[in-house]
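Novice: Just to be clear, the model below is a prediction. Sequence and coordinates:
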Amino acid sequence: MSIEVKVPQLPESVSDATLVAWHKSEGDSVSRDENLVDLETDKVVLEVPAARSGKITKILVKDGATVTTGDVLAIIEEGEGGGDATDGKNAAKDAPKDAAESKVAGASKGKSSTAPAKRTDADDADDDDTDEGDDAAASDEGQERSSGAAKLSPAVRRLVEENDLDINDISGSGRDGRITKGDVLDHLERHSEGDAETGSDQVPAAAAAASGRNDRRVPMTRLRSRIAERLVQAQQTAAMLTTFNEIDLTEVMALRQRHKDGFEKAHGVKLGFMSFFVRASVEALQRFPAVNASIEGSDIVYHDYHDIGIAVSTDRGLLVPVLRDAGELPFAEIEKAVVGFGTRARDGQITMDELTGGTFTITNGGVFGSMLSTPILNPPQSAILGMHKIQERAMVVNGEIVARPMMYVALTYDHRIIDGREAVQFLVSIKDSLEDPARLLLGI
């Protein structure tokens, strides 16, 4: 019985998707629920699983094509060469072919499309919160990589396949030894003399390597195109202005130091900085509702709830999952949600619902070393808070010069509905809450 593999129902407001990469080829055996192909929309990567076990007899849509809901991608002949445990004979029959293809396909036949590890904007700004367990994961790296089961993002997989690379020859710099796009590009540059170039318009590898002037043209991903569109839209439609302040984090750091062990033991998650900034932001948003508002046509829409977007950096681009009703969440729930956003963003598992809405955004460039920046609005929101690196600086306290852990903060806001006075007082409210964190508990 022939079964059609179709594009699933795309998320609301998404009209089409790009076929990023097939994990199977014509003639390959597949198991039920095994991921066959990745589809990239403006925000997320969707997996298309096999509805039945069988064998792929025809692939109708190639990599890079644009597809819509209901389009037929491939044909599966049910019951022929399925990859289930009950089909051991067929699996053994296909083994030689699989081994011959393992050089490239081994990297692309994983169950899911997983983005390489990147530190996220939601990570803590100091080294105390470095993820534990990396050493244990690293010890299994060799076994995982040699089995061909390393998880690659769509962009990395495409580079590997286009250049006919063996992933076992590439050293991964990501979490758990995952291979990033930069790792692949570095590998190509180091081995450019031996690489086989494809396309008549490309410079021969040996000549390019000798000249040191190599160019690579890579199509912009759907997500990157959407990010570019929204950033330009924000600059063209909003009257953006940025105001700055600085925060002495002595009290917050002392509080974290005193209670971090007990907090982690009680709640199973580390006490980071983001929960303090989320709670301080909610307190400030309650005092200055215009910062939590948005413009729709000629109306100002004031939101009586606080859905805080947490900017997360991934290999595919910036994602902003939303923390719903942040003001109702205790510190532990905020920290768990933020950690979950970072993990699922790296693994390509953030859903469209999690990226939809939001009344205010927090972004943390400090994890990358940024001292000061002017963040861009996330439309249709009217303000965004930028956190930065914590740095000890000489400060005058009670007439004496002392070293204090200081952080610059920035608020970019839409001057059409937020006055400068409100923006400045909003940042002062956050500063007051964090310099005396007891305020967050007392609600003052």
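Specialist: Received it, and whenever you're ready, just let me know what you need.
Novice: Does T242 touch V409 like I think?
Specialist: No. Applying Cβ atoms under 8 Å as the test, T242 and V409 come out as separate, 10.6 Å apart. C-betas here are computed from N, CA, C, even on glycine.
Novice: Looking at the two, which is more packed in?
Specialist: V409 (22 against 16; other Cβ atoms under 10 Å).
Novice: Could you tell me the per-residue confidence at the most centrally placed residue in the chain?
Specialist: Closest to where the C-alpha atoms of the chain average out (Cα atoms, centre = their mean) is T314, at 3.3 Å. Predicted confidence (pLDDT) for T314: 82.
Novice: Give the bridge partners for it, please.
Specialist: G317 (DSSP bridges).
Novice: measure it to I227 for me?
Specialist: Going from T314 to I227 by Cβ to Cβ, to the nearest Å gives 11 Å.
Novice: what does R256 give?
Specialist: R256 is 33 Å from I227, by Cβ to Cβ.
Novice: More neighbours: which of these two?
Specialist: Higher neighbour count among R256 and I227: R256, with 22 against 18, using other Cβ under 10 Å.
Novice: The nearest residue to that one once chain neighbours are set aside: neighbour count?
Specialist: Once flanking residues are discounted, R256 sits nearest to L271: 5.3 Å by Cβ to Cβ, 6 or more residues apart in numbering. By other Cβ under 10 Å, the residues close to L271 number 23.
Novice: my read: L271 touches Q257, true?
Specialist: No. Using Cβ under 8 Å as the test, L271 is too far from Q257 to be in contact (9.6 Å).
Novice: Poorly predicted segments of the chain, please.
Specialist: 11-13, 42-43, 80-151, 154-155, 175-176, 192-212, 442-444 (pLDDT under 70).
Novice: any idea which residue of it is furthest from its center?
Specialist: G399 (45.2 Å).
Novice: any idea how far S31 is from that one?
Specialist: 73 Å.
Novice: domain assignment for this protein?
Specialist: 2-102, 150-211, 222-442 (automatic domain parsing).
Novice: What helix or strand is A228 located in?
Specialist: Using DSSP states H and E, A228 maps to helix 222-237.
Novice: The helix or strand that that helix is followed by packs against which elements?
Specialist: Once the chain leaves helix 222-237, the next helix or strand it forms, by DSSP H and E, is strand 240-248. Contacts defined by 3 or more Cβ pairs under 8 Å, 6 or more residues apart in numbering; DSSP states H and E place strand 240-248 against strand 400-414, helix 420-435.
Novice: Partner strands of strand 240-248, with direction?
Specialist: Under the rule (DSSP bridges), strand 240-248 has strand 400-414 (antiparallel) as partners.
Novice: relative to helix 420-435, how tilted is the strand it pairs with?
Specialist: 130 degrees (axes from the mean of the first three to the mean of the last three Cα atoms, to 10 degrees).
Novice: quick one, strand 400-414 and helix 222-237 angle?
Specialist: 90 degrees.
Novice: Just the CA coordinates for strand 400-414, please, in PDB.
Specialist: Provided in PDB are the C-alpha atoms of strand 400-414 (Å, rounded to 0.1, in the frame of the first residue of the first chain):
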ATOM      1  CA  GLU A 400      34.900  56.200  50.000                       C
ATOM      2  CA  ILE A 401      36.100  54.700  46.800                       C
ATOM      3  CA  VAL A 402      35.300  51.000  46.700                       C
ATOM      4  CA  ALA A 403      35.100  48.300  44.000                       C
ATOM      5  CA  ARG A 404      31.600  47.200  43.200                       C
ATOM      6  CA  PRO A 405      30.100  44.800  40.700                       C
ATOM      7  CA  MET A 406      28.300  47.100  38.300                       C
ATOM      8  CA  MET A 407      26.100  46.500  35.200                       C
ATOM      9  CA  TYR A 408      25.000  49.000  32.600                       C
ATOM     10  CA  VAL A 409      21.400  48.500  31.600                       C
ATOM     11  CA  ALA A 410      19.600  50.000  28.600                       C
ATOM     12  CA  LEU A 411      16.000  50.600  27.800                       C
ATOM     13  CA  THR A 412      15.000  51.200  24.200                       C
ATOM     14  CA  TYR A 413      11.500  52.500  23.900                       C
ATOM     15  CA  ASP A 414       8.900  53.800  21.400                       C
END
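Novice: in it, what counts as buried?
Specialist: By neighbour count on 16 or more other Cβ atoms under 10 Å, the buried set for strand 400-414 is R404, P405, M406, M407, Y408, V409, A410, L411, T412, Y413, D414.
Novice: hang on, the earlier thing: mind listing what's buried along the helix holding A228?
Specialist: R222, L223, I227, R230, A234.
Novice: which one of those residues sits closest to G182?
Specialist: Nearest to G182 out of the buried residues of helix 222-237 is L223 (Cβ to Cβ; 17.4 Å).
Novice: Not counting residues beside it along the chain, what's closest to the closest one?
Specialist: G317 (4.5 Å).
Novice: residues contacting the one you found?
Specialist: T221, L223, R224, I227 (Cβ atoms under 8 Å, 6 or more residues apart in numbering).
Novice: got TSV for those, with distance to G357 too?
Specialist: Below are the contacts of G317 laid out as TSV (distance: Cβ to Cβ, whole Å):
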residue	distance to G357
T221	23
L223	18
R224	22
I227	18
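Novice: which pair in the residues you listed spans the largest distance?
Specialist: The farthest-apart pair in the contacts of G317, when distances are taken by Cβ to Cβ, is T221 and I227, at 9.3 Å.
Novice: what are the ranges of the strands in the stretch 251-400 of the chain?
Specialist: 294-296, 299-301, 308-310, 312-314, 317-319, 322-323, 360-364, 383-387, 391-397, 400-414 (DSSP state E, counting those that start in this stretch).
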